[in-house]
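Visitor: Give the three-dimensional model of this entry:
(chains A and B)
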2 protein chains.
Amino acid sequence: MPEISIVLVEPIYEGNVGFAARAMKNFGFSRLILVSPCPLGDHARACASHAADVLEHAEEMPIEDVFATHDLAVATTGELSKSVCRSIRMPYSTPKELREQIQDAGGRVAILFGRENWGLNNAEVERCDMVCTIPGASEYPILNLSHAVAVICYELADLPPPQYRIATREEMECLYRHLDHMLDRVDHPAHKRKNTLIMMRRILGRTRLTTREVSTIHGLLRRAEWHMEADSSEDGE
Amino acid sequence: MPEISIVLVEPIYEGNVGFAARAMKNFGFSRLILVSPCPLGDHARACASHAADVLEHAEEMPIEDVFATHDLAVATTGELSKSVCRSIRMPYSTPKELREQIQDAGGRVAILFGRENWGLNNAEVERCDMVCTIPGASEYPILNLSHAVAVICYELADLPPPQYRIATREEMECLYRHLDHMLDRVDHPAHKRKNTLIMMRRILGRTRLTTREVSTIHGLLRRAEWHMEADSSEDGE
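Guide: Numbers count the residues shown, from 1 in each chain, chains lettered A, B, ... in the order given. A predicted model of the protein is given here:
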């Protein structure tokens, strides 16, 4: 199955971190990453129960390193937040759809869970390739952090072996830079740029491109660039 | 959707009861039943968070009353326990299969969750119509109680309106008594009786009979009884 990391971003309650570790191990996951967590002590270990090893081997790292070391980053968001800023948080997948979408892809996948009180902020969600929302009751859709981890791990358990290797994070970021450059080249308005780039990231994030496909897209973009240069030269610019 | 009650049997930790109430409300469930629970105080309410109403309206009742007031009872068991005593705990459904099996059935459904340390005992599982096991990692398959509730509620959320009314608990128990009587009548060996009756309960529990189907089976059993009596008379007994 793809290498899946569960990433808790600035968790506030150590009990939730412990329970999340336990839920991970219950469904066969072991790679826990913590971004600026609260102090973890006896209570976290008690809640982890027989998953104390997952907790002990948890890696702490800045969120930048999470993006740098994973080929695909999935933001989890609550029902409520999905309507807040559509371009960033839409479209979203349910956990069942997420399973379908990532199951053939070999590579390192990070599933990010936000703070107990605020979730993930916009800057964090923007950087992710996909958004996943656990469908909840409208009256009270906000799950406890560890229960959200449990539902996602339950749904992603026992994935079959991946069918192909997805492009690396570096290759994808290079493609996004190329697209950004292309938008410059075609005088795309600056005030629309950010949303357009996020949309590109959402579209391409869902496609799980291979390295070969990425390089074909680069090739097409370069070809377009040459033609624009050639045409500009002909115009005598 | 069917009326679903979440039943916690002798929960030991009040935090788990509170978290279970929250997970229920997150997925649109509100009917919580507690069988001999631990004392519930501030910690339970804190864990319930905005689901304090589910906790406050929880009903306490003896387990006998749970069976008496629900048409279908589902035992949840951990991965490990399923192998312990096959006749009682097999066959089992996954949560996804449970959803398929109960989704058309109108009636009152109780989902039973056992103690944090022991789960449900054999006597309790025997009385249930179906067994549901959350598939977990072999290394550590035992979920925290509230996480098990969350996974089941996640899977059973938003069931469509039921297509037909299932036979009541009373009608089913009457059928099981009739089957027991029939086994007497055909000299079924006493030492096999208990397991055979449990198997009947497992088979018929999965079928979700309608009232009409129950009465047809009664009719067939009665017809067989008449013939056995007639044949006995002819034999001069």
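Visitor: okay, CA-based contacts and neighbour counts for the rest of this
Guide: Fine.
Visitor: What are the neighbouring residues in contact with residue A:16?
Guide: Shown in contact with residue A:16 (Cα atoms under 8 Å, 6 or more residues apart in numbering or on different chains): A:44, A:47, A:144, A:145, A:146.
Visitor: Now the phi/psi pair for the first one, please.
Guide: Here is the backbone geometry of residue A:44 (degrees, to the nearest 10): phi -60, psi -40.
Visitor: Past the lowest-mean-pLDDT helix or strand in chain A, which element shows up next along the chain?
Guide: Sorting the helices and strands of chain A by mean pLDDT, DSSP states H and E puts helix A:86-89 at the bottom, at a mean of 62. Sequence-wise, the next helix or strand downstream of helix A:86-89 (DSSP states H and E) is helix A:95-102.
Visitor: And the contacts of that following helix?
Guide: A:2, A:132, A:133, A:134, A:151, A:152, A:155, A:156, A:159, A:206, A:208.
Visitor: Filter those residues to keep only those in contact with chain B.
Guide: Contacts with chain B within the contacts of helix A:95-102, as defined by Cα under 8 Å from any Cα of the partner chain: residue A:151.
Visitor: near chain B, which residues of chain A?
Guide: Selection of chain A residues close to chain B by Cα under 8 Å from any Cα yields A:19, A:22-23, A:25-28, A:50-51, A:135-137, A:139-144, A:147, A:150-151, A:154.
Visitor: Am I right that residue A:75 sits in a helix?
Guide: No. Using DSSP: H, G, I helix; E, B strand; the rest coil, the secondary structure at residue A:75 is strand, not a helix.
Visitor: Show me what it is bridged to.
Guide: When bridges are called by DSSP bridges, residue A:75 pairs up with residue A:112, residue A:131.
Visitor: Tell me how many other residues surround it.
Guide: 24 (other Cα atoms under 10 Å in any protein chain shown).
Visitor: And for residue A:191?
Guide: Neighbours of residue A:191 (other Cα under 10 Å): 8.
Visitor: The longest helix along chain A - what's its average pLDDT?
Guide: Looking only at chain A and at elements set by DSSP state H, the helix with the highest residue count is helix A:211-234. Taken as a whole, helix A:211-234 has a mean pLDDT of 82.
Visitor: Which neighbouring elements make contact with it?
Guide: With contacts taken as 3 or more Cα pairs under 8 Å, 6 or more residues apart in numbering or on different chains; DSSP states H and E, helix A:211-234 sits against helix A:169-185.
Visitor: can you give me how far the helix it packs on is from the chain middle?
Guide: Computed by Cα atoms, centre = their mean, to the nearest Å, the chain-centroid distance of helix A:169-185 equals 18 Å.
Visitor: Next, the angle helix A:169-185 makes with the helix or strand just after that helix.
Guide: Later in the chain than helix A:169-185, the nearest helix or strand by DSSP H and E is helix A:190-207. Here helix A:190-207 points in a direction 150 degrees away from that of helix A:169-185 (axes from the mean of the first three to the mean of the last three Cα atoms, to 10 degrees).
Visitor: and helix A:190-207, which residues are buried?
Guide: For helix A:190-207, the neighbour count (16 or more other Cα atoms under 10 Å in any protein chain shown) marks A:196, A:197, A:198, A:199, A:200, A:201, A:202, A:204, A:205, A:206 as buried.
Visitor: repeat for stretch A:37-48
Guide: Buried residues in stretch A:37-48 (16+ other Cα under 10 Å): A:37, A:40, A:43, A:44, A:45, A:47, A:48.
Visitor: again with stretch A:95-104
Guide: Buried residues in stretch A:95-104, defined by neighbour count with 16+ other Cα under 10 Å: A:95, A:98, A:99, A:102, A:103, A:104.
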